[in-house]
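Visitor: Please work out how this folds:
(one chain, ligands or ions: 1)
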Amino acid sequence: QAALPNVVILATGGTIAGAGASAINSATYAAAKVGVDKLIAGLPELSKVANVKGEQVFQVASESLTNDNLLTLAKRVSALAKQPDVDGIVITHGTDTVEETAYFLTLTVHTNKPIVMVASMRPGTALSADGALNLYDAVSVAGSKDAMGKGVLLTMNDSIESGRDVSKNFNIKPSAFVSQWGSLGMVVEGRNYWFRAPVKRHTMNSEFDIDTITSLPPVEIAMGYEGVASTAIDALGKSGIKALIHGGPGNGSVADRIVPSLQKLRADGIVVIRSSRVPDGFVIRNAEQPDDKYDWVVAHDLRPQKARILAMVALTKTSDTKELQRIFWEY
Ligand SMILES: NC(=O)C[C@H](N)C(=O)O
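Guide: Residues are numbered from 1 along each chain as shown. Predicted coordinates:
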């Protein structure tokens, strides 16, 4: 229909494509079972808001996605966004790592067209399944002119979240996704209500471009906790990584006994990035640890898993720690 926007749904699996043995199975089910054509056929309401086409990119639970999957997906999104007959793109995804993929696309895809991630906490076979409405909302947001230029978005539970800020903060409830700086808006009955816009660099304003990225450097995460030993950090230091994210407690603090191991990594040319495992807040440079003296980078407000995504992308351009710190402030 000429009056409606053209939206492509890229399907990657997850619980939104999941199936359980019975309707009471809201938590026990197999993810990534239902194909995109069946998802679209099961939701005839989509044809009222957009001309929808589906493409099955992967069929996996999101905890099993790889760096290669990220590159494949982002390159496909970038190619579609360049097509004049595509107005918006929806990506169905598992909830476990959707925040990581959303941030990767935010950093690397150069487009103003809406890119909307969507997921569900319950499989479509369960009572009160949340996937159908979430998908309807995603398609309607992806087809909206007012969603352009706002970076990669996520629609879950009536909310429109920033792909940069959003995190999974609860592992069962449909209200699982929260952005510490607030939702961008809400989508209700196919209409968008906006309250904020992102200020960090994204999509069109990013210095990174998926069309020129062919591989991602290995970056790993080590957590901090009471009684932590240096075993994991020492082993990772010998594994060929280019950067290590330290997910420390509190303000991204680091146990005294771990500091020499992190200094050894830095002396060996590995970038050390100090982040916090606390869900909200941000890490301040030279508070807790002398980052200038040790030549460490701080992850600003990014949780360890998001800091890893930015580190991989940034390292495709530079390993200069001053530049990396600038990038962590700006994105
Ligand atoms: N709700 C979900 O989608 C969880 C699932 N493990 C996934 O991330 O694929």
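Visitor: for M156, what are its contacts?
Guide: Listed by C-beta atoms under 8 Å, 6 or more residues apart in numbering, the contact set of M156 reads T95, V118, A119, S120, D130, N134, P174, A176, F177. For every residue, glycine as well, the C-beta is placed using N, CA and C.
Visitor: List the beta-bridge partners for it.
Guide: The partner list for M156 in beta bridges (DSSP bridges) reads S159.
Visitor: ok, now how distant is it from V109?
Guide: Distance of M156 to V109, given as C-beta to C-beta, to the nearest Å: 20 Å.
Visitor: Next: A19.
Guide: The value you get for A19 to V109, if C-beta to C-beta is used, is 31 Å.
Visitor: In terms of neighbours, single out the busier of the two.
Guide: Neighbour totals were compared for A19 and V109, and V109 leads with 29 against 16 (other C-beta atoms under 10 Å).
Visitor: Need the contact partners of stretch 55-74.
Guide: Under the criterion C-beta under 8 Å, 6+ apart, residues 8-15, 17, 31-33, 35-37, 76, 91, 93-98, 101, 104-105, 108-109, 119, 210, 213-216, 312 lie in contact with stretch 55-74.
Visitor: Keep those, but drop any that are not near the ligand.
Guide: G14, T15, A31, G94, T95, D96, A119 (C-beta under 6 Å from any ligand atom).
Visitor: between the residues you listed, which is closest to P198?
Guide: Nearest to P198 among those is A119, at 19.8 Å by C-beta to C-beta.
Visitor: picking up where we left off before, show me which of the contacts of stretch 55-74 are buried.
Guide: Buried subset of those (neighbour count, 16 or more other C-beta atoms under 10 Å): 8-15, 17, 31-33, 36, 76, 91, 93-98, 101, 104-105, 108-109, 119, 210, 213, 216, 312.
Visitor: can you tell me which of those are in strands?
Guide: Among those, the ones falling in strands (DSSP state E) are V8, I9, L10, A11, T12, G13, I91.
Visitor: ok, the residues you listed vs G237, which is closest?
Guide: Lowest distance from G237 to these (C-beta to C-beta) belongs to T12, with 32.6 Å.
Visitor: Contact partners for the closest residue to the ligand within the chain?
Guide: Going by C-beta to the nearest ligand atom, the ligand is nearest to G94 of the chain, at 2.0 Å. Applying C-beta under 8 Å, 6+ apart to G94 gives the contacts 12-16, 31-32, 60-63, 65, 119.
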